[in-house]
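> Need coordinates for the below:
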Amino acid sequence: MLLPTRVGLGMLRLADAESATATVHAALDSGMRVFDTARAYGDSERWLGAALAQQRDGADAFVITKGGMARPGGAWRADGRATTLRHDCEASLLALGRAIDLYLVHAPDPRVRWATTVRALARIADEKLARAVGVCNVTLAQLDEALALAPIAAVQVGFSLVDDLALRAGVVARCRERGIAVIAHSPLGGAKRARRLAATPLLVELAHKHGVAPVAIALAAMLDAHAHVAVIPGARTPAAARELAMAASVRLDDGDRAALAAQFAPLGSPALAPATRREGEIVLVMGLPGAGKSEAAQALVAEGYERLNRDELGGSLTAIAARLEARLAAGAGRLVLDNTYLSRAARAQVLAVAARHGVAARGIFIDVAMADAQVNVVLRMLAAHGRLLDPEELRRGDDNTRMTPTALFRLERTIERPTADEGFSALDVRPFVRAPSRGGRGARFITLDVVERMAPDEARDAFVIGWAPDAPATRESELAARHAGAMLCRHGGGPPICWCRPPLPGLVLALAHAHQLDPTGSELVGTSRAHRALAAAVGARFVDAGA
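As a prediction, the model looks like this:
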């Protein structure tokens with residue numbers, strides 16, 4: 001898809017009708033013809049439509065808008081329902097008072113099947129409510145699914161000199177292969193990073209050389225390196241719009257390109273493997289927290305591999321990749337990295353390092369069910385702290401023994417399963433297999449709702465579990481005095497903030513830890529689907545007391 005200009009104006013940062021009108025007119029006068037807005041940007045669409053109607057050049061403008069995003073309390077929350085997308089598109093047409101040249105889904109909604117959202121987008125294209133359609137903020141897998149369902153003409157993603165996630169994720173390359181325009185939002189890295197970027201000595205030097213602002217050099221560098229990319233920086237004032245528009249006229253020479261590529265990763269060429277490979281191997285062990293990556297890595301360490309693990313070494317995944325680079329440069333040849341690596345972008349850093357040094361990179365992906373991962377996360381917490389941590393302790397935590405249930409769910413939603421085309425020399429997908437129990441006696445766990453139907457002296461040998469947010473503070477100790485043990489979840493409803501509310505496995509595992517019990521040799525007596533799921537998760541036999 002060809003846009004009329006490769007530098008456009010992002011409308012998000014405009015505060016009122018007067019400044020919007022003046023800034024849009026300045027952009028038009030400076031040669032910009034692409035304008036990006038969204039239904040979620042307040043009155044931005046109405047301001048843009050009015051401003052374009054006031055100038056003759058406005059008739060040539062290319063208008064991009066987006067739908068499928070709500071703003072509850074000022075937050076950003078994707079809403080990918082088909083009815084929402086259709087309603088937003090119709091409302092955008094009314095607010096703009098003109099045709100929509102490109103209509104985009106603002107972001108995938110994790111609560112709605114992506115295919116449902118994309119099919120709604122395809123219907124918008126079929127019914128000519130917009131001249132073209134596209135998607136925003138997608139992974140490679142989401143893009144590929146969208147391409148199979150709708151006539152995707154453009155993809156909008158964050159992309160700048162200081163943010164190469166879309167490049168590492170393979171989205172930019174797929175768009176190049178398919179002739180799809182990439183529209184870079186936040187092409188200066190966002191409002192906060194833009195100020196730091198503009199102060200970079202190299203950009204300041206090149207800005208002086210070319211007679212433009214440093215931000216214009218930053219944008220020009222992106223345009224020069226990626227011919228299918230357009231940029232839509234935001235501006236608050238007419239002066240800022242004119243400054244940004246000058247990026248389109250900058251012509252970098254080979255010396256400029258070399259200097260910029262040496263400093264900014266998104267401008268460099270993809271790393272190619274040397275003509276000859278050297279001895280050695282890098283192994284990436286990938287999977288959810290609680291998948292058993294540490295055990296797989298330790299087995300490789302026993303074979304002579306050096307382990308690079310973020311929990312042990314600290315720092316970011318980028319720092320781990322830099323450490324790998326240093327170790328390979330120093331002659332190390334066998335290394336294992338087990339740092340989750342759920343996304344294609346995260347893995348790309350390691351694979352690029354391996355390619356530069358001519359070392360094979362093997363992948364091991366441990367495919368674990370969520371229930372097994374949850375059990376392992378809780379067991380790790382109990383081993384480290386001897387008890388279940390409360391929600392406030394989990395929120396304050398910054399290590400892998402303090403993970404919250406919602407954090408684990410969030411990571412599951414971000415998984416991009418590895419594929420051979422990423423550059424692996426071999427890829428081994430292993431199902432998670434739980435090690436046999438190391439002993440302990442079996443026990444009988446009974447849920448609170450069942451116990452409350454029993455006589456006081458019944459089930460004295462049982463362990464009582466349950467969710468009781470409204471029970472008196474003394475209830476747990478009373479139950480413990482009448483039975484072998486008791487543990488209640490006292491936390492409220494809503495998204496889980498603890499590991500003790502069934503069907504999460506915390507209560508059973510914490511009692512088993514405290515009393516040296518074996519859940520897999522136990523039975524759980526309960527009444528609900530949550531109780532049945534809890535029993536299955538910990539390997540206990542479920543007895544349905546509600547049948």
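> per-residue confidence at Gly546?
Looking at Gly546, its pLDDT stands at 80.
> Now do the contacts for it.
526-528 (C-beta atoms under 8 Å, 6 or more residues apart in numbering). Where you see a C-beta, it was placed from the backbone N, CA and C, and this is true even at glycine.
> Repeat that for Ala184.
So Ala184 contacts 156-160, 222, 229-232 (C-beta under 8 Å, 6+ apart).
> let's see 10 Å
6, 8, 10, 155-160, 163, 166, 172, 219, 222-223, 226, 229-233, 266 (C-beta atoms under 10 Å, 6 or more residues apart in numbering).
> And for Glu303?
Glu303 makes contact with 283, 334, 336, according to C-beta under 10 Å, 6+ apart.
> and the second one, what does it touch?
When contacts are counted by C-beta under 10 Å, 6+ apart, Arg334 is found next to 279-283, 300-301, 303-306, 359.
> Quick one, which of those residues are buried?
For the contacts of Arg334, a burial check counting by 16 or more other C-beta atoms under 10 Å picks out 280-283, 300, 305, 359.
> which one of the contacts of Gly546 is nearest Thr23?
Using C-beta to C-beta, Ser528 is the member of the contacts of Gly546 that lies nearest Thr23, at 57.5 Å.
> okay, now the domains of the chain?
8-266, 281-431, 444-544 (automatic domain parsing).
> and the ones you listed as JSON lines, adding distance to Ser437?
Listed next are the domains of the chain as JSON lines, based on distance: least, C-beta to C-beta, whole Å:
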{"stretch": "domain 8-266", "distance to Ser437": "35"}
{"stretch": "domain 281-431", "distance to Ser437": "12"}
{"stretch": "domain 444-544", "distance to Ser437": "5"}
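> Strands of the stretch 201-350 of the chain, residue ranges please.
Secondary structure of the stretch 201-350 of the chain, counting by DSSP state E, counting those that start in this stretch: strands at 229-231, 281-286, 306-308, 334-337.
> quick one, which of the ones you listed is nearest to Pro519?
Nearest to Pro519, of the strands of the stretch 201-350 of the chain and by C-beta to C-beta, is strand 281-286 at 26.6 Å.
> Please name the strands paired to that closest one in the sheet, noting orientation.
Paired neighbours of strand 281-286 in the sheet (DSSP bridges): strand 334-337 (parallel), strand 360-367 (parallel).
> Following the chain onward from the last one, which element is next?
As assigned by DSSP states H and E, the chain's next helix or strand after strand 360-367 is helix 370-385.
> Which one of the domains of the chain lies nearest to Met1?
Here domain 8-266 is closest among those (C-beta to C-beta), at 4.2 Å.
> looking only at pLDDT, what's the mean for the closest one?
97.
> how far does it stretch from start to finish?
The straight-line separation of the ends of domain 8-266 (C-alpha to C-alpha, to the nearest Å) is 20 Å.
> In the stretch 1-150 of the chain, what residue spans correspond to strands?
8-10, 34-36, 62-67, 69-70, 77-78, 102-105, 133-136.
> which residue of this protein sits farthest from its center?
Here the chain reaches farthest from its C-alpha mean at Asp457, the gap being 51.8 Å by C-alpha atoms, centre = their mean.
> picking up where we left off before, rebuild the contacts of Glu303 as CSV, extending it with distance to His491 and pLDDT.
Below are those laid out as CSV (distance: C-beta to C-beta, whole Å; pLDDT from 0 to 100):
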residue, distance to His491, pLDDT
Val283, 40, 98
Arg334, 46, 97
Val336, 38, 98
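> residue contacts, Glu259?
Small correction: residue 259 is Ala, not Glu. With contact taken as C-beta under 10 Å, 6+ apart, Ala259 is in contact with 202, 205-206, 221, 252, 267.
> how many neighbours does Ser528 have?
16 (other C-beta atoms under 10 Å).
> which residue packs closest to it, ignoring adjacent ones?
Gly546 (7.2 Å; C-beta to C-beta, 6 or more residues apart in numbering).
> Pull stretch 283-291 out as PDB, backbone CA atoms only.
Provided in PDB are the C-alpha atoms of stretch 283-291 (Å, rounded to 0.1, in the frame of the first residue of the first chain):
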ATOM      1  CA  VAL A 283      20.700 -23.900  23.700                       C
ATOM      2  CA  LEU A 284      17.600 -21.800  24.400                       C
ATOM      3  CA  VAL A 285      15.200 -23.500  26.900                       C
ATOM      4  CA  MET A 286      11.800 -21.800  26.500                       C
ATOM      5  CA  GLY A 287       8.500 -22.000  28.200                       C
ATOM      6  CA  LEU A 288       6.200 -20.500  30.800                       C
ATOM      7  CA  PRO A 289       7.400 -20.000  34.300                       C
ATOM      8  CA  GLY A 290       6.900 -23.300  36.100                       C
ATOM      9  CA  ALA A 291       7.500 -25.300  32.900                       C
END
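> ok now that stretch, how far from the chain's centre?
For stretch 283-291, the separation from the chain centroid amounts to 16 Å (computed by C-alpha atoms, centre = their mean, to the nearest Å).
> do the same with stretch 4-18
On C-alpha atoms, centre = their mean, the centre of stretch 4-18 falls 27 Å from that of its chain.
> Give the buried residues for it.
5-14.
> next one: stretch 342-356
Within stretch 342-356, the residues scored as buried using 16+ other C-beta under 10 Å are 342-355.
> do the same with stretch 430-439
For stretch 430-439, a neighbour-count test (16+ other C-beta under 10 Å) marks Phe432 as buried.
> And that stretch, end to end?
End residues of stretch 430-439 are separated by 26 Å (C-alpha to C-alpha).
> which residues touch it?
If you take C-beta under 10 Å, 6+ apart as the criterion, stretch 430-439 is touched by 285, 287-288, 290-292, 295-296, 364-369, 372-373, 375-376, 516, 518-521, 539.
> List only buried entries from these.
Among these, the ones that count as buried (16+ other C-beta under 10 Å) are 285, 287-288, 290-292, 296, 364-366, 368, 372-373, 375-376, 518-519, 539.
> Rounded mean pLDDT for the helix or strand harbouring Leu524, please.
Assigned by DSSP H and E, Leu524 falls within strand 523-526. In this model, strand 523-526 has an average pLDDT of 97.
> And the next helix or strand past that strand?
Next element after strand 523-526 (DSSP H and E): helix 529-538.
> what's the average pLDDT for that next one?
On average, helix 529-538 scores 96.
> And that helix, what's buried?
531-538.
> Now distance to Leu504 too, for the strands of the stretch 201-350 of the chain, in JSON lines please.
Shown next, in JSON lines, are the strands of the stretch 201-350 of the chain (distance: least, C-beta to C-beta, whole Å):
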{"stretch": "strand 229-231", "distance to Leu504": "44"}
{"stretch": "strand 281-286", "distance to Leu504": "24"}
{"stretch": "strand 306-308", "distance to Leu504": "30"}
{"stretch": "strand 334-337", "distance to Leu504": "30"}
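> Compare those strands and report which one is nearest to Leu488.
strand 281-286 (37.1 Å).
> how far away is Val105 from Leu12?
17 Å (C-beta to C-beta, to the nearest Å).
> out of everything not next to it in sequence, what's closest to the residue nearest the centre of the chain?
Centroid-nearest residue in the chain: Thr414, 5.0 Å away (criterion: C-alpha atoms, centre = their mean). If the residues on either side of it in the chain are set aside, Thr414 comes closest to Leu342, at 5.5 Å by C-beta to C-beta, 6+ apart.
> Repeat that for Glu416.
Glu416 sits nearest to Arg344 (C-beta to C-beta, 6+ apart), 4.8 Å away.
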